[in-house]
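> A structural model of the following input is requested.
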Amino acid sequence: MGQPQEMIEDLKRENEHFFEAFKKESDRGLALVAAEFFDATLERLLRARFSSSLQKRPKLIKPLFDGFGPLSTFSAKISISYAIDLLQDWMVSDLDLIRRIRNEFAHSLESKTFRDPEISRMVGQLASFSRAVKSIEKPDRPKIPEPPTRTRFVWACTRTGALLQAKVVVLASDAPGEMKHSFMINPEL
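Have a look, this model is predicted:
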């Protein structure tokens, strides 16, 4: 996986591309870039888990993610990450919704936007948006107004992406196994 500082630099670079997409991409482009970001981040997370304490040989791990390997799809990465306790229930639901949103955009001949009723409905189900709002709302402040669907999607992706990347860093660290396990089960930023 490379040295920890090198990995952190790679994560920063991926974040920059991700945030540029939020500003510049069409709705379709944003959904595609977000799904690819999560696909790549889950791969990093799985690779960190596979190699963290087990010292597996990378040349035997690499084919799992390539071509027709069992972990070559976004869906497979979500499922196995959940099965080995790297994701919480709400994260799995959100990542699956992001995958389905990507598919709505990618497999449609007609031009769709986040205002499309089906896409808007799925974005409305993203738990990470309400979790993000809860974390910043305070009783002494005005309630955060309901943002447009695209903004909800961006907030949800930002929060989930930060948590997943934090998990990658923790798994790749020299932290004790118990601390790593605890953070995988109950991550907080």
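> So for Gly2, what pLDDT did the model give?
pLDDT, Gly2: 49.
> helices and strands around the helix or strand Met179 falls within, which ones?
Element membership of Met179 [criterion: DSSP states H and E] is helix 177-185. Under the contact criterion of 3 or more CB pairs under 8 Å, 6 or more residues apart in numbering; DSSP states H and E, helix 177-185 touches helix 149-172. C-beta here means a position set from N, CA and C on the backbone, and glycine is covered the same way.
> Averaging pLDDT per element, find the lowest-scoring helix or strand in the protein.
Of all the helices and strands that make up the chain, helix 58-65 has the lowest average by mean pLDDT, DSSP states H and E, namely a mean of 78.
> Flag every buried residue along that helix.
Ile61, Leu64, Phe65 (16 or more other CB atoms under 10 Å).
> Just give the closest residue to the second one, not the sequence neighbours.
Among residues not flanking Leu64 along the chain, Leu71 sits closest, at 4.6 Å (CB to CB, 6 or more residues apart in numbering).
> for the one you found, what are its contacts?
Going by CB atoms under 8 Å, 6 or more residues apart in numbering, Leu71 touches Glu43, Leu46, Leu64, Phe65, Lys77, Ile80.
> Contact partners for the fourth one?
Phe65 makes contact with Glu43, Leu46, Arg47, Leu71, Ser72 under the criterion CB under 8 Å, 6+ apart.
> re the thing from before, between the helix holding Met179 and helix 149-172, how big is the angle?
In terms of direction (axes from the mean of the first three to the mean of the last three CA atoms, to 10 degrees), helix 177-185 departs from helix 149-172 by 170 degrees.
> Return the set of buried residues in helix 177-185.
Applying 16+ other CB under 10 Å to helix 177-185 flags Lys180, Phe183, Met184 as buried.
> picking that back up, quick one: the residue nearest to Leu64 from Val133, how far?
33 Å (CB to CB, to the nearest Å).
> next one: Arg44
Arg44 is 27 Å from Val133, by CB to CB.
> Same question for Ile119.
20 Å.
> Looking at these two, which is more packed in?
For Ile119 versus Val133, the count of surrounding residues by other CB atoms under 10 Å is larger for Ile119: 22 against 16.
> Please report how far that one lies from Ala127.
From Ile119 across to Ala127, the span is 17 Å (CB to CB).
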